[in-house]
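Visitor: Predicted coordinates and the sequence they were generated for:
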Amino acid sequence: NGHQEQSEGYQVTISENKKVHSELITVKAFDPDLPPNNKIIYSINSGNKNNKFSMDQNTGTIILNSALDHEIDNTYDLIISASNQNVYQSNITKLIINVSDENDNAPYFVENPITMRIDEDLQIGSIFGRIRAIDRDSGKNGDINYEFDNLNKNLKIFGRNEKVMNDQKNPNRNLSSTIPFSLSKTTGQLKLESSLDREKISKYQFKIKAVDGAKRSASATINIWIENINDVVPLFANKNFQIKISEETKIGEKIVTLNGFDNDFHIDQKRQNDRLIYKIVSGNENNKFYISGNKIFLSEKIDFDVKNLSKNTNNLLISFSDGKLKSEKYFKIIILAANKYRPNFIKHSFNFQIKEENLIGQKVGQVFASDKDEFGDNAKLRFFILSENTRKIRDSMQTKSTTLKNSRTFAIEPNNGILSTKR
């Protein structure tokens, strides 16, 4: 007789922090035969990626072999088989293992320290910057709240001569009401709450903390420079406005540094870049990119679109200003297909025969190879001779053996693999 298993299958949810070698669930089958024909052997047929699980063949118990990570794999669909040892009958059932997320990753800042520059005539209520941190956890576990980090300890106010003016040694000072900015708890946006005066204060320096639901946190230093108003439009100094990136580019990776200059600001180029406020005006489909400081970063996973190649080109209109005047420029970001495959020769070896009186430059034969990559330079093949074995030949007029004097006897055409005697 055949045996029976739970018809609707099994499903279990376990934490990504589950200890290795833990028993997760036991699958049961029933065989109405009498011993010894009712002996059941259990096994995992498929779905066991990276051998993450093992199964006790006698009891049907599933055991965790290696550590889980919700951020890498959050579901495993296993097909379980129960076999009759003697009659060789079997049945299968499905086991779904859901891996629940734990708040096991601390947030981190893409940049630290962060420098911003705003004009002294910036209107009250203006949002002038956004602080961004990243948390690899999913859902609510990846939610981040932002807060000022101990202003009484960390706030520094610089006077018009760019020297610290507040008393850092006074333990009783209360500076929480001194800072003219507010910080959005959920978005990390900075907003101006009171007027600025560059003739009195040149810079505010403080720290912002990013905190997740498990109270894991990271801190970044923020430098906000206050600038005099100006009347010259800033200009881009970038020479290349077309950037090519691979579809394997990682989230948070820098795409390009935006370089601008402002003739109103007669100091080194680095501080000119820090002073300018850069924004993405248009072309940012699905918010794949974001700007922090003067750099564009990747914010979402990207894939090369093989069906609609036009979607692999992103025309970002970037504006940058000094708080009053601004310029705009298009940056073309092109997503390239990753070179995922090695080329392979269609045969392990190619054999050609030639006569010794063949003329120099005469075609000997052609080698062929293929590549599963389909797009752009990744699909183009070039051929090279890596090495050449010399051999001894017998002079028809002499009894002794001689060796070929020129070991580079053949040439190959790089674009088509045609082999010929060397010129």
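Guide: It's in.
Visitor: Please verify my assumption that Leu359 contacts Thr421.
Guide: Yes: using Cβ atoms under 8 Å, Leu359 is in contact with Thr421, at 7.2 Å. For the C-beta atoms, the positions are set from N, CA and C on the backbone; glycine is no exception.
Visitor: between these two, which one's more packed in?
Guide: More crowded of Leu359 and Thr421, by other Cβ atoms under 10 Å: Thr421, with 15 against 8.
Visitor: dump the residue contacts of the more buried one.
Guide: Shown in contact with Thr421 (Cβ atoms under 8 Å, 6 or more residues apart in numbering): 354, 358-362, 364, 409-411.
Visitor: thinking in terms of the whole chain, how far from its middle is the helix or strand hosting Asn223?
Guide: With secondary structure defined by DSSP states H and E, Asn223 is part of strand 217-227. Relative to its chain's centre, strand 217-227 lies at 26 Å (Cα atoms, centre = their mean, to the nearest Å).
Visitor: Need phi/psi at Ser310.
Guide: Main-chain dihedrals, Ser310, degrees, to the nearest 10: phi -70, psi -20.
Visitor: Tell me how many other residues crowd it.
Guide: By other Cβ under 10 Å, the residues close to Ser310 number 6.
Visitor: With Met55 instead?
Guide: When neighbours are counted by other Cβ under 10 Å, Met55 comes out with 21.
Visitor: With adjacent residues omitted, what lies nearest to Ala106?
Guide: Leaving aside its chain neighbours, Ala106 sits nearest to Arg216 (3.9 Å; criterion: Cβ to Cβ, 6 or more residues apart in numbering).
Visitor: Would you confirm that that neighbour contacts Pro107?
Guide: Yes: at 6.6 Å, Arg216 and Pro107 qualify as touching, with contact defined as Cβ under 8 Å.
Visitor: related to what we said a few turns ago, and of the contacts of Thr421, the nearest to Asp137?
Guide: Nearest to Asp137 among those is Ala411, at 58.1 Å by Cβ to Cβ.
Visitor: correct me, but the closest one touches Gly417?
Guide: No: if you go by Cβ under 8 Å, Ala411 and Gly417 don't touch, sitting 11.5 Å apart.
Visitor: out of Arg216 and Pro107, which sits in the more crowded spot?
Guide: Shown here are Arg216 and Pro107; by other Cβ under 10 Å, Pro107 has more neighbours (21 against 17).
Visitor: what sits against the more buried one?
Guide: Pro107 makes contact with 133-135, 144, 210-212, 216-218 under the criterion Cβ under 8 Å, 6+ apart.
Visitor: Give the buried residues for the helix or strand hosting Ser43.
Guide: Assigned by DSSP H and E, Ser43 belongs to strand 40-46. For strand 40-46, burial by neighbour count (16 or more other Cβ atoms under 10 Å) applies to 40, 42, 44.
Visitor: And the contacts of the following helix or strand past it?
Guide: Sequence order places strand 53-55 as the next helix or strand after strand 40-46, per DSSP H and E. Identification of contacts with strand 53-55 by Cβ under 8 Å, 6+ apart yields 24, 27, 42-44, 61-65, 76, 78, 80, 97.
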